[in-house]
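Undergrad: Please find the sequence and the predicted model below.
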Amino acid sequence: HLGVAADRALMIGDTTHDVQMAQAAGASALALTHGAHGREALQSSAPLALLDDLPALRLWLRAAA
């Protein structure tokens with residue numbers, strides 16, 4: 001719809017469902033630990049990165065830009 005290829009997209013979510021949805025679409029996923037699913041569950045879904053809060057997300061995005 002937006003003309004962005006899945007391999008150029010980044011999903012940011014806080015559940016394993018978010019990570020799995022991104023992976024199924026061919027996109028990368030970042031996981032935030034403050035949602036419904038805990039650190040261990042999120043880690044097992046193999047996100048690109050696992051972050052604890054929004055400041056950590058901001059730092060990650062700046063470093064990856």
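TA: Received the coordinates, thanks.

Undergrad: and Ala49, how far is that from Arg39?
TA: Applying Cβ to Cβ, to the nearest Å, one obtains 12 Å for the distance of Ala49 from Arg39. Quick note: C-beta positions are derived from backbone N, CA and C, even for glycine.

Undergrad: Mind checking which of those two has more residues around it?
TA: In terms of neighbours (other Cβ atoms under 10 Å), Ala49 is the more surrounded of Ala49 and Arg39; the figures are 16 against 11.

Undergrad: For the more buried one, which non-adjacent residue is spatially closest?
TA: Excluding its sequence neighbours, the residue lying closest to Ala49 (Cβ to Cβ, 6 or more residues apart in numbering) is Leu30, at 5.1 Å.

Undergrad: Report the distance from the helix or strand harbouring that neighbour to the chain centre.
TA: For Leu30, the host element (DSSP states H and E) is strand 28-32. Relative to the chain's own centre, strand 28-32 is displaced by 1 Å; criterion: Cα atoms, centre = their mean, to the nearest Å.

Undergrad: ok, the residue nearest to Ala49 touching Ser45?
TA: No: the pair Leu30 / Ser45 is not scored as a contact, 11.4 Å apart, by Cβ atoms under 8 Å.

Undergrad: So which of these two has more stuff around it?
TA: Set side by side, Leu30 and Ser45 give different neighbour counts by other Cβ under 10 Å, the larger being at Leu30 (22 against 19).

Undergrad: Contact partners for Ala41?
TA: Under the criterion of Cβ atoms under 8 Å, 6 or more residues apart in numbering, the contact partners of Ala41 comprise Thr16.

Undergrad: what about it, is that helix, strand or coil?
TA: Of the three states, Ala41 takes helix under DSSP: H, G, I helix; E, B strand; the rest coil.

Undergrad: Bridge partners for the residue nearest to Ala49, pull those for me.
TA: Per DSSP bridges, the residues bridged to Leu30 are Ile12, Ala49.
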